[in-house]
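1. just coords:
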């Protein structure tokens, strides 16, 4: 008879205390793992916060720096605390909500009350410096300053040697010349300074266009001129043709004698109304909102675009809903064969990216080479996208094709959620199919679908992708000051005001954005209140 070895002997069952100890050890091991992961993630967050704090400190953004520091401390306190369990789950969502929603909304509102835009992008100090740099001419008897092109943190500068006393100074476009000590000399020329990298001759040649534009202020007073170099070795003094008087707040053209004053409009303005640009950013109150509704060149297209926006949103919601509902009723019939295959075919437009579908439709609707004109209509020349009326019809057709699959899916699910015995009871009472649909199915359907119709309206009210990809907002209106067209909706008009054309008016665009937000929010609130009456049907 074979003997059982010690290794083969069955292990004695563990006691209750041993099982508890093993469970505690396993839990402790998992707790250590999660703690390490938490420390690593918080270390990453803190590292990003420290970098952001450094950048904000160098830019003197004290308010934002304080907010970043406070949020970082709060996050660390929440996650290193053994309590605050709800806050640990809520903190990420709240932080991202504030960053991407609340801050964006508040900043847009702030911009709407300023003149921020082309020619008014910076502060008054930056505007003065830019004007002085743009109006410079070389001093006829300027001495030749030996210079070396240097760089620090990606910023070009000039290392300048005074030809009279060999004093060395360095400066950049934004930093006037400042004396440096301990510079490396090559004869009577300074060639290197601590903290700066001297560009070799090959790099000077490669960046000659940037170096020729480089203008280093001679001192803190912009009227003293600036040092510029045509070759990276010899610098000359350039003085502005504008004379700035900080106390009086005026800018004088030394050649014509014209005086431009700070009249509070964000730019130096002459008595004739002529302005020197760039100007600077100021708060203008409700001027952008007033201009949006009183300026004749803006009011006309704004009214047309606003009316079309409402028409487009309402027709899009109604057409997609009723087509989707009709198809849902048809394919919800249990007697129809191959229903699943038909359903898959119907939702294909919803499966493709909307912007790509809009581009395909734009190609098919091309007046000269489009599939519709060449194949469907036998070579006709129908201006689908260039005629104002047809362009609007085309936009509605394409949006119907893109939007009905979503409504089809929603209505299909809502119809299947209606109990079958409701239909049976109605049929026993003698109701015909139309009466059953109108008095029973549709009201019950609207209980579920009404909030989605409201969100669909809000989506189509701001359906930028379709308009931009299909028609680009065209055809364009004639004799208007902003580049908008017949198929533009409010959001695409805002985009054009802010980001296209020679003059970009971010303040006016932000004012339009605020108005759009108010309109959509008001319609949504009213609609949701009205839909409460439908809930009584349940």
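-> Okay, I see it. Computed from a predicted model, the values in this text were never measured in an experiment. Numbers count the residues shown, from 1 in each chain.
2. For the residue most central in space within the chain, what are phi and psi?
-> The centre of the chain sits closest to residue 104, judged by C-alpha atoms, centre = their mean, with a distance of 8.8 Å. As for residue 104, its main-chain torsions (degrees, to the nearest 10) stand at phi -60, psi -40.
3. Low-confidence ranges, this structure, go.
-> Counting by pLDDT under 70, the chain contains low-confidence residues at 1-14, 16-33, 532-538.
4. how much space between residue 460 and residue 311?
-> Computed as C-beta to C-beta, to the nearest Å, the residue 460 to residue 311 distance reads 11 Å. Glycine gets a C-beta too; all of them are placed from N, C-alpha and C.
5. residue contacts, residue 144?
-> 163, 234, 235, 236 (C-beta atoms under 8 Å, 6 or more residues apart in numbering).
6. Remind me which helix or strand the third one belongs to.
-> In this case it means residue 235. Counting by DSSP states H and E, the element that carries residue 235 is strand 234-240.
7. quick one: contacts of that strand?
-> Counting by C-beta under 8 Å, 6+ apart, 131-133, 135-139, 142-147, 158, 160, 215, 218, 222-230 sit against strand 234-240.
8. List buried residues within the residues you listed.
-> Buried subset of the contacts of strand 234-240 (neighbour count, 16 or more other C-beta atoms under 10 Å): 131-133, 135-136, 145-147, 158, 160, 215, 218, 222, 225-229.
9. Do me a favour and get the end-to-end distance for stretch 348-359?
-> 16 Å (C-alpha to C-alpha, to the nearest Å).
10. List the buried residues in it.
-> Going by 16+ other C-beta under 10 Å, stretch 348-359 has these buried residues: 349, 350, 354, 357, 358.
11. Just those: which are in strands?
-> Per DSSP state E, strands hold no members of the buried residues of stretch 348-359.
12. Out of those, name the ones that lie in helices.
-> 349, 350, 354, 357, 358 (DSSP state H).
13. Assess the claim that the third one and residue 464 are in contact.
-> No - using C-beta atoms under 8 Å as the test, residue 354 is too far from residue 464 to be in contact (10.5 Å).
14. Could you check how far residue 93 is from residue 87?
-> For residue 93, the distance to residue 87 equals 11 Å [C-beta to C-beta].
15. And the two? Which one has more around it.
-> Of the pair residue 93 and residue 87, residue 87 is the one with more neighbours under other C-beta atoms under 10 Å, namely 15 against 9.
16. Tell me who's in contact with the more buried one.
-> Here residue 87 is in contact with residue 78 (criterion: C-beta under 8 Å, 6+ apart).
17. coming back round to it: which of the buried ones among the contacts of strand 234-240 fall within helices?
-> Filtering the buried ones among the contacts of strand 234-240 for helices - DSSP H - leaves 131, 132, 133.
18. Look up how far residue 159 lies from the last one.
-> Which is residue 133. 20 Å.
19. hang on, the earlier thing: from the contacts of residue 144, pick the one nearest residue 476.
-> Distance from residue 476 was checked for each of those by C-beta to C-beta. The minimum falls on residue 236, at 48.2 Å.
20. Kindly check the end-to-end length of stretch 475-486 for me.
-> Using C-alpha to C-alpha, the two ends of stretch 475-486 sit 6 Å apart.
21. Might you calculate how far it sits from the centre of the chain?
-> Put simply, stretch 475-486 sits 24 Å off its chain's centre (C-alpha atoms, centre = their mean, to the nearest Å).
22. Kindly report the same for stretch 483-499.
-> Counting by C-alpha atoms, centre = their mean, stretch 483-499 is centred 16 Å from the centre of its parent chain.
23. do the same with stretch 284-293
-> Computed by C-alpha atoms, centre = their mean, the separation of stretch 284-293 from the middle of its chain amounts to 23 Å.
24. For it, buried residues please.
-> 284, 287, 288, 289, 291, 292.
25. Quick check: of those, which lies closest to residue 367?
-> Of these, the one sitting nearest to residue 367 (C-beta to C-beta) turns out to be residue 292, at 34.1 Å.
26. Please identify which helix or strand holds the closest one.
-> Under the criterion of DSSP H and E, residue 292 resides in helix 287-294.
27. Which neighbouring elements make contact with that helix?
-> On a contact count with 3 or more C-beta pairs under 8 Å, 6 or more residues apart in numbering; DSSP states H and E, helix 287-294 meets helix 296-331, helix 506-531.
28. Export those helices as JSON lines, with columns for distance to residue 417.
-> Shown next, in JSON lines, are these (distance: least, C-beta to C-beta, whole Å):
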{"stretch": "helix 296-331", "distance to residue 417": "12"}
{"stretch": "helix 506-531", "distance to residue 417": "17"}
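29. can you give me the helices in the stretch 401-538 of the chain?
-> 420-428, 433-436, 442-461, 464-470, 490-499, 506-531 (DSSP state H, counting those that start in this stretch).
30. Go through those and name the closest to residue 379.
-> Closest to residue 379 of the helices of the stretch 401-538 of the chain is helix 464-470 (C-beta to C-beta; 22.7 Å).
31. Sounds good, over and out.
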